[in-house]
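Peer 1: Need the 3D shape of this:
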Amino acid sequence: RVSQTERRRLQVGEQKAFTYGEVVFVSFCEILRAAKPKQGDIFYDLGSGTGKAMIAAHLLQTFKECHGVELLEGLCKLSRDVLERFGSDRNLWKSPSVDPRQSCFVHHADMLKHPWWEVADVVYTSSICFDEQLYTKLGERFAMMKKGARVITLKMDNISQLKLVFRKSYKMSWGRCTVYVYEKT
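Peer 2: Numbering: from 1, shown residues only. Predicted coordinates:
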């Protein structure tokens, strides 16, 4: 509902890039493992919606930081609210000393302008509805990532300077989808 309201407010309802879907937690657990994150890596979710993938990454792996980048203000606010509720309940923390509000960050920004490619080690983007122009521009940012960085994506078009290291079909909120993991070489 928040996604639909925001798309109407911004008059982008017909743009497929704003189609909303969520990761399935169990599938995302396996997907993250396939990207082989290392302790201290920095995770980014591009088009992060409510922040589900960002929080799952925080809980499932030993990332130094987890970031979500979302253009729709309403989803960004909802994501921050979820993070605040999650952080305020110590019973949900993965350890007594790890407050997710100190290592998870939500950015209200355009994924093509926020400089995630300068620091990210693992990037996830639910890119299945991105048009060719957006995905080409995103591919240019992938190419600027540091050597060894991994990209988890739902498309394999326009990925240059990255090597495909994993491919498998997973259940998502909208149905089954092939997930690709690339590594910057």
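
Peer 1: Now the longest helix that the chain contains: buried residues?
Peer 2: Secondary structure of the chain per DSSP state H: the longest helix is helix 73-88. Buried positions in helix 73-88, judged by neighbour count with 16 or more other CB atoms under 10 Å: 74, 75, 76, 77, 78, 79, 80, 82, 83, 86, 87. All C-beta atoms are positioned from the backbone trio N, CA, C, and that covers glycine.

Peer 1: out of those residues, what pair is the most spread apart?
Peer 2: Across those, no pair lies farther apart than 74 and 87, at 20.3 Å, counting by CB to CB.

Peer 1: where's residue 64 relative to residue 57, distance?
Peer 2: 11 Å (CB to CB, to the nearest Å).

Peer 1: which of those two has more neighbours?
Peer 2: residue 57 (29 against 13; other CB atoms under 10 Å).

Peer 1: which phi and psi does the most centrally placed residue in the chain have?
Peer 2: Taking CA atoms, centre = their mean, the centroid of the chain lies closest to residue 45, which sits 1.8 Å from it. Here is the backbone geometry of residue 45 (degrees, to the nearest 10): phi -110, psi 120.

Peer 1: just residue 50 next, same as before
Peer 2: phi -80, psi 0.

Peer 1: Surely it touches residue 75?
Peer 2: Yes: if you go by CB atoms under 8 Å, residue 50 and residue 75 touch, sitting 6.1 Å apart.

Peer 1: Make sure residue 44 is indeed in a helix.
Peer 2: No: Residue 44 sits outside any helix when classified using DSSP: H, G, I helix; E, B strand; the rest coil, being strand.
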